[in-house]
Structure formats: C-alpha cells, structure tokens
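Novice: Here's a sequence, model it:
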Amino acid sequence: MTVRAAGLALVLLAGLGSACTSGGPDQSRAGASPSTASAAPTASGSATPSATPTPSLPGGCDQLLPFTDLDHALGRPLFGQSRYVLGVAEPKIGRTGRVTCQYGLAADGRGPAQLEVGVSTYKDADSASDRIAATVAALRANATSQKTASVAGQDATMIGTKTDYNLVVAQGSRTVAVTLSRKLTGVKLDSAAVAVAERVLANWGR
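Specialist: Numbering: from 1, shown residues only. Below is the predicted model:
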C-alpha cells in the first residue's frame, strides 16, 4: 500500500480478535490484530483478500468508505495506509459475512489504526440486533461514557473508553461498528463516528 500524495487525504470494532471468533461481539478496536482471513497489502494501496466477499459486502476499503467521504466525515484529512480484512461467516450467531477496514496505519502497516470500520451481514434483523447487544455489553466492561445517537434513522450506541471511542448500529440485517482512537487529534469523536457510520451505510450496497 502507498501513502497518499500531499493534498489527497489517505484514510484508515470489528477487527477485534474476539469479534472475529465464534460468538464474539460485533465491534471494532483500532489497532487490534484480526484473526480473520486477510492478505498482505499490494502496491495499489489495497489488500487482496484470500477469499471473495459476498456480493452484499464491500470488496475493498474504497467501496466501504472512499477517502473523500472519510475526509468529510472527520472534518480533516487522515493520512497513512489502509488495510482491508475479509472476515468469515459465523452460522452459530447468524453472521453471513464480515469485512473490516483499518485507516491511518503507519508506513509499514503495523501498529494501531487511527480508525477502524467493521461491517457485517446476518441472516435476519434479529440476529443483527442480538450482536449489537452483545457488543454493547462487552464494551461496557471498560466504558468511561455511554450515550445514544441517530445514524441514518437508526438508534446507535456510542461508548467511550480510555483509549478509543466506539459506535455500533444495526440497519436491518447488517451492522456497522466504528472505532476512533483517542490519539486522533483535531476531530470531535462523537460526531465523527456518526458521520463515518452514515457514509458507510450510504455507500455500502450502491
């Protein structure tokens, strides 16, 4: 993957290991190392997954959240590398697919991400809602704040911890999880999380 040239903003739970294991919560965690199938970054700036995502899931980070959309959502450019991670289906919890995108990674692609977005599809809306509830319960263990918000007309939950700020929302049989690192400066985390989630839902399935 390449760093975006000056003037173009390059962008960045869930990639959380527990989120990708059987029964794990559907959340993102910036900087976590997902245990799902993934691939090394290519010179084009996007990773080639080791499996093919279902037609209902984005095939790359540029489909999930284009850089221009991310810049507008954050209200500032986010430089660094990005990584696409293809998750797996989890029939036991009704999950039919998952992908995660990490943005704002270091030049070597390692270390914590400044932003991570995970999207999942489920067999039905009830299964998606159940995963949101499980995610909220898991996040509350280390929460320092919690509040609700509206994302594309859907009720979302936002939970802050000492290290990051998380938003999870379900829309029908799909879910979106957004995690922003508290080290991301110049960004109002709560409004940015809502803006990112809304743009993901708008782009996903175009």
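Novice: Look up which residues are beta-bridged to the residue lying closest to residue 96 once chain neighbours are set aside.
Specialist: Nearest residue to residue 96, sequence neighbours excluded (Cβ to Cβ, 6 or more residues apart in numbering): residue 121, at 4.8 Å. All C-beta spots, glycine's among them, are computed from the backbone N, C-alpha and C. Using DSSP bridges, the bridge partners assigned to residue 121 are residue 97, residue 174.
Novice: how close does residue 121 sit to residue 94?
Specialist: Residue 121 sits 10 Å away from residue 94 when distances are taken as Cβ to Cβ, to the nearest Å.
Novice: Next, show the common contact partners of these two.
Specialist: Residues touching both residue 121 and residue 94 (Cβ atoms under 8 Å, 6 or more residues apart in numbering): there are none.
Novice: just the strands in the protein please.
Specialist: 81-86, 95-105, 115-122, 145-151, 154-160, 164-171, 174-181 (DSSP state E).
Novice: which one of residue 121 and residue 94 has more residues nearby?
Specialist: residue 121 (22 against 18; other Cβ atoms under 10 Å).
Novice: circling back to that earlier point, CSV please, covering the strands of the chain and showing mean pLDDT and distance to residue 65.
Specialist: What follows is the strands of the chain, written out as CSV (pLDDT from 0 to 100; distance: least, Cβ to Cβ, whole Å):
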stretch, mean pLDDT, distance to residue 65
strand 81-86, 94, 9
strand 95-105, 95, 7
strand 115-122, 97, 6
strand 145-151, 96, 14
strand 154-160, 97, 16
strand 164-171, 97, 14
strand 174-181, 97, 10
